[in-house]
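Trainee: Quick one: sequence plus predicted model below, questions after.
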Amino acid sequence: MELWYEQEAGQWTEALPLGNGRLGAMVFGKTADEIVAVNEDSLWSGYPRDCGPKNKAGASAAIRDLAAQGRYAEAEELFEREISSTWSQSYLPLGDLLVSFGHRDVKNYRRSLDLDRALSSVSYEHEGVRYDREYFVSAPDNCIVMRFTADRPGRVSFTLAMKSQLRSACSARGGRLCLDGIAPSGLLPSYVTNADPVVYADRDEEKGMRFTMSALPLLSGGGAVLKDGLLTVEGADSAVLLVNAETSFSQWNRLPWLEGKDEQGICAGVLDRAAGKGYGAILERHVADYAAYYGRVEIDLGTSENAALPTDRRLLRFAEEKNDPALYSLLFQFGRYLLIAASRPGTQPTNLQGIWNSELRAPWSSNYTININTQMNYWPALPCALEEMQLPLVGFIRELAAAGAATAREIYGAPGWVSHHNSDLWRMTWPVGDHGKGVSVFANWNLSAGWLCEHLFERYEYTLDREFLGETAYPLMKAAAEFYTALLSDDGEGCLVLCPSTSPENCFIAGGARLATAKTTTMATAVIRELLTNCIRAAGILGIDADFAAKLSETCAKLRPFRTGGKGQLLEWDQEYEEAEPRHRHTSHLYGLHPGNQISPEKTPDLVRACKKTLELRGDDGTGWSLAWKVNFWARLRDGDHALAILNNQLRPVGVTGTSYSGGGGTYPNMFDAHPPYQIDGNFGVTAGIAEMLLQNTEDGIILLPALPGAWNRGRCRGLRAKGKLCVDIFWDGGLTRAVLRSGIDRELAVSCRPQSGAKRTVSLKAGTPLELEF
């Protein structure tokens, strides 16, 4: 479980990621002039402001009427004129640590990322001296830690500088090197052309947040000098740099300049406390903390001689020959590693790039894109035994609902809460687009609240935490259900639909025009049905709201059923339009198959066939996250060989960093997902997909090895989680041989397995007592 290389990183997608949920670091491993790029999860442009449209219920009703009449172009024009509003703000790079060693002619170079310890290492020889470096980001001590050593005394010398793309200045303060700055008040997305895309306001109430970064040296031998914005270390036996970064951000609805935290005082206190422990204790605490999460799951899909290759060469070899089963295991565990590194209790949720971003105007603002991407980031959290890492998403949904109540009222005249396809640190919930022509294709989509609520109910299903269900999940789910049920209308055929609807970022052809807005979409119905069904179940579990649940049951019975088209595919829109992009990256109309639970081989074989046909028509290529979703789709269809074929596409090496919307997804040399460009959702989605291939939930139990590819004929996986507080170990050799089940409650459980047919049994589980099954 290691990424390793025989050369330093030449570009950002070759550097190695470290993080503790709040702080992110990208380590290049350069011998002469090292770069460690630093991010802090609350450093965003902007400040709290309500830029959403006001008093637009009448306009929304008019848009609904136009769509119901099939006047889609007029509906889009009215939405873009009246409803579309300002863009989200952007997640920002904080700055770079520049460590100049001057070592230019080196040999025996090696850099690595140890997934078992969340530790990056660099080693090489220069002028007869062996140099070693260790880097990690500690969650217990809340700082970035770097240690530089040599095998001869007095040979550790370097100069540290700091730089940022934001307004900032370096200085010495309290025996440490500090970088202090301010974030922009506003920043436009990279795809918006504007003469002044980065704005720094003068009024205090409109200023962006302050930020600081500090580095504290701890030396063994030698000496350190702070002068002219530089830290110079000479003749040390070893050196440790403790680095912290903080911002003045306090809450999503508080002004960061006027109501913010004391970022400098907090930053100094963190470093002072860490320095008192010493490097050995900090490292020990870091490894113990991290391993407690990472060590819950082990996977072994076999190995080959290719596993001994450096990671970049290994990916290139894999493109030629698929004989490297351990690479799948590495990809799976790398996704788990990234989630631990990017999302911890008390931090912000992971954005499009996790917590690692190097660009001032990052692709898609490195924001929260909540029409698939943010949700995909958290797919592996529950099945891969990282439930704590999902808590930032829960907090995000809670805050989004608070902000989204006003959006529901002002735009739709509806109760409950709503959010659209983008959000940011300030929990914006209105549709973006700035009144631009054509923005309806992504902006006129209001189903993210329903989709996010799926994560809340699933958290209950996995943990059986009734307190969480009653105090957090159900109130948020109920309020979202109130919003959607208020907007449902008759489709003229006696069915209830959400009108208008779009299928995320996709278009159809009607009347010779390329359009996004339809009378309704399959995804809209699937999301709403899933939400209402979960609300009904939650109310029953809690023993409350019987009348409300009864009304939801009546509504569910009237929702438009899934329909198929002339090719046997699942229809995406209300009728069978000509598709503008038949191989579009989004396959949102299969939401009921995954992540929803409405379509399965056991319950709906006809719809399973329609989903399979849909995926065949979409094709096996796509962007990085699109490929990851297809792995999950094919796993739910119980076709492990097809899931593996998509997984192989996900692992193809990518060198380009420019934007592709149609395909070309794969993996960068540092194993980051390539959209392209870099986007972290594909890493998380494929980890979840591998888990789906090995273990799936059913209404009354589990399926072991539901989508096992023929190429994975021997292996084991320990510690996967299933719904109902269940931990599962699986062993196979040509077929399933053994499973160990550990339940947190007493229960009866139906256990099925594939590829063995008919091997289904019901077992009795006792809380805390492992049950071993032989097959």
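Mentor: Looks like it arrived, so ask away.

Trainee: would you list every one of the helices in the stretch 151-300 of the chain?
Mentor: Taking DSSP state H, counting those that start in this stretch as the test, the helices found in the stretch 151-300 of the chain are 263-275, 279-294.

Trainee: show me where pLDDT drops low in the chain?
Mentor: Along the chain, segments meeting pLDDT under 70 span 755-758.

Trainee: quick one: the residue nearest in space to the middle of it and P189, what's the gap?
Mentor: Centroid check for the chain by C-alpha atoms, centre = their mean gives N377 as the closest residue, at 2.2 Å. Distance from N377 to P189, counting by C-beta to C-beta, to the nearest Å: 20 Å. Every C-beta, even on glycine, is put in place using the N, C-alpha and C of the backbone.

Trainee: likewise E576?
Mentor: Separation of E576 from P189 (C-beta to C-beta) stands at 34 Å.

Trainee: Which one's more surrounded, those two?
Mentor: Between E576 and P189, P189 has the larger neighbour count (other C-beta atoms under 10 Å), namely 21 against 15.

Trainee: so who does the closest residue to the more buried one other than its chain neighbours touch?
Mentor: Nearest in space to P189, with sequence neighbours left out and distances taken as C-beta to C-beta, 6 or more residues apart in numbering, is S365 at 5.0 Å. With contacts defined as C-beta atoms under 8 Å, 6 or more residues apart in numbering, the neighbours of S365 are 87-91, 187, 189-190, 352, 422, 424.

Trainee: Wait, the residue nearest to the centre of the chain touches I355, no?
Mentor: No. Between N377 and I355 there is no contact under C-beta atoms under 8 Å: 11.0 Å.

Trainee: sec struct for the residue nearest to P189, please.
Mentor: Secondary structure assignment for S365 (DSSP: H, G, I helix; E, B strand; the rest coil): helix.

Trainee: State the distance from it to F211.
Mentor: Taken as C-beta to C-beta, the span from S365 to F211 is 18 Å.

Trainee: Likewise for E2?
Mentor: Using C-beta to C-beta, E2 is found at 33 Å from F211.

Trainee: which of these two has more neighbours?
Mentor: When E2 is set against F211 and neighbours are counted by other C-beta under 10 Å, the residue ahead is F211, at 28 against 14.

Trainee: contacting residues for the more buried one?
Mentor: F211 makes contact with 40, 43, 94, 166, 168, 180-183, 245-248, 263, according to C-beta under 8 Å, 6+ apart.

Trainee: redo that, cut-off 6 Å
Mentor: Contacts for F211 (C-beta atoms under 6 Å, 6 or more residues apart in numbering) come out as 43, 181, 247.

Trainee: Need those residues in TSV (columns: distance to G663).
Mentor: Listed next are these as TSV, based on distance: C-beta to C-beta, whole Å:
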residue	distance to G663
L43	33
G181	39
T247	37
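
Trainee: Just these: which are in strands?
Mentor: Assignment to strands by DSSP state E places the following of the contacts of F211 there: 181, 247.

Trainee: Show the residue spans covered by the strands in the stretch 401-550 of the chain.
Mentor: Secondary structure of the stretch 401-550 of the chain (DSSP state E, counting those that start in this stretch): strands at 422-423, 488-490, 496-498, 508-510, 513-515.

Trainee: These: which one's closest to L360?
Mentor: In this view, the strands of the stretch 401-550 of the chain are compared for proximity to L360 by C-beta to C-beta, and strand 422-423 is the closest at 18.4 Å.

Trainee: Which residues does the closest one contact?
Mentor: Residues external to strand 422-423 that are found in contact with it (C-beta under 6 Å, 6+ apart): 88, 367-368, 370, 432.

Trainee: out of those residues, who's nearest G413?
Mentor: Compare each of these with G413 using C-beta to C-beta and the shortest gap goes to V432, at 20.8 Å.

Trainee: Identify the residues contacting the closest one.
Mentor: V432 is in contact with 87, 422, 443, counting by C-beta under 6 Å, 6+ apart.

Trainee: Same check on A473?
Mentor: 456, 460.

Trainee: if we go to 10 Å?
Mentor: When contacts are counted by C-beta atoms under 10 Å, 6 or more residues apart in numbering, A473 touches 394, 397-398, 453, 455-460, 465, 467, 534-535, 538, 542.

Trainee: so how far is D105 from it?
Mentor: Computed with C-beta to C-beta, the distance linking A473 and D105 is 59 Å.

Trainee: Could you count how many residues lie near D196?
Mentor: With neighbours defined by other C-beta under 10 Å, the count for D196 comes to 7.

Trainee: G710 now?
Mentor: If we define neighbours as other C-beta under 10 Å, then G710 has 9 of them.

Trainee: these two touch, right, it and L644?
Mentor: Yes. With contact taken as C-beta atoms under 10 Å, G710 and L644 are classed as touching, separated by 8.4 Å.

Trainee: What are the buried residues along stretch 397-415?
Mentor: Judged by neighbour count using 16 or more other C-beta atoms under 10 Å, the buried positions of stretch 397-415 are 397, 399-401, 403-412, 414.

Trainee: ditto for stretch 178-197
Mentor: For stretch 178-197, by 16+ other C-beta under 10 Å, it's 178-190, 197.

Trainee: Quick one: residues contacting R583.
Mentor: Under the criterion of C-beta under 10 Å, 6+ apart, the neighbours of R583 are 617-622, 626, 662-663.

Trainee: Buried subset of the residues you listed as a ChimeraX selection?
Mentor: Selection command for ChimeraX covering only the buried members of those, criterion 16+ other C-beta under 10 Å:
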select :617,618,620,621,622,626,663
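
Trainee: ok, the contacts of R583 vs Y135, which is closest?
Mentor: Nearest to Y135, judged by C-beta to C-beta, of these is S626 at 32.8 Å.

Trainee: Contact partners for that closest one?
Mentor: If you count contacts by C-beta under 10 Å, 6+ apart, then S626 has 372, 583-587, 618, 646, 650, 661-663, 665, 675, 681-682, 685 around it.

Trainee: you'd agree F562 is up against L570?
Mentor: Yes. Because the distance of 6.2 Å satisfies C-beta under 10 Å, F562 is recorded as touching L570.

Trainee: so what sits against both of the two?
Mentor: In the contact map built from C-beta under 10 Å, 6+ apart, the residues linked to both F562 and L570 are 522, 526, 589, 592, 599, 607, 610-611.

Trainee: Since that was my last question, I'll sign off now.
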